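[1] Predicted model and sequence below, questions to follow.
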Amino acid sequence: MGPAQQHGIKRAEEGRPKGADTAEPEAPKKTNPWDDPDFTDAKYDMHRFGQMGDGAMDKIWDGDGMGSGNHKPSSTEPGKTLFPPGTTKAQVEGWFTSIAANPDSRPQARPHGDGWVVSGTRDGITCVVTLDKSPAVSPSAARASPPTRRPSHRTHGRPMEVIDFYRLSRRITDQLAPKISPNYRPIVLTAGGAGAWDLAIPTLVGALSEEDVVITTAEKDALRELMEFRRESLTYLEQIRTSD
């Protein structure tokens, strides 16, 4: 250590009160966003808070055959973000339940009060988690029933398949997401970017309905095909007004 460095240390010590703690200041403790009074009503069902809904983990890991889930490392489904090689199903379930109960950011309300979306990073992996009104981690549309495959002019008269669902979901999201407010747009774009169309499309429909956004008949028909393919409720879709 040179003379200049020694002099600097001495001056610093002289300016510090005698007996002062020389340790680094303690980092502020992280508070749980759910503890905000704004979310008191969201946690009414505490015995289920943060638990995995029925079928949720199976859908996340293996998919539901309708374009949702299938994020396991070995997945070959197009347009999906995958967990890193070596990740186990149990690890992912642990991340999701932890993030659901103690997210890294403020929970975002879903349209029409249909639950919440939270996010967080665990072991270096950032996950987006959907909670239903219970508020357990939502299985979204994980069902035993098959998708609705009706002939469509978009597929030249043949029934829609999962790959068609992906393509149309991406196209209609690119068209309509800019029309909804920042309250819901990040949820739609983040979910779509991860290939979680079971969250992106219903959220988009709910936002268009709640915010009374006017769209074209063709855009509404496209949303209808997507919602019917996944056997989602059409209640909010029917509320969307068209311009033609």
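    Arrived safely.

[2] can we go C-alpha only for contacts and neighbour counts from here?
    Noted.

[3] for the protein, which spans come out with low pLDDT?
    Judged by pLDDT under 70, the chain has its weakly predicted residues at 1-29, 43-50, 133-158.

[4] Which parts of it belong to which domain?
    Domains of the chain are assigned by automatic domain parsing as 47-131, 153-238.

[5] In CSV: those, plus distance to residue 32.
    Formatted as CSV, these follow (distance: least, C-alpha to C-alpha, whole Å):
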stretch, distance to residue 32
domain 47-131, 6
domain 153-238, 20
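
[6] Indicate which one of the ones you listed is closest to residue 41.
    domain 47-131 (11.3 Å; C-alpha to C-alpha).

[7] which residues touch residue 208?
    180, 214, 240 (C-alpha atoms under 8 Å, 6 or more residues apart in numbering).

[8] Please tell me how far residue 200 sits from residue 33.
    23 Å (C-alpha to C-alpha, to the nearest Å).

[9] ranges for the strands of the chain?
    Taking DSSP state E as the test, the strands found in the chain are 108-109, 116-122, 125-131.

[10] Next, the angle strand 125-131 makes with the second one.
    To tie it back to what came earlier, the one meant is strand 116-122. Strand 116-122 and strand 125-131 meet at an angle of 160 degrees, taking axes from the mean of the first three to the mean of the last three C-alpha atoms, to 10 degrees as the criterion.

[11] What residues of strand 116-122 count as buried?
    Buried positions in strand 116-122, judged by neighbour count with 16 or more other C-alpha atoms under 10 Å: 116-120.

[12] Which positions are bridged to the residue nearest to the spatial centre of the chain in the beta structure?
    What sits nearest the mean C-alpha location of the chain, by C-alpha atoms, centre = their mean, is residue 128, with 3.7 Å. With beta bridges defined as DSSP bridges, residue 128 has these partners: residue 119.
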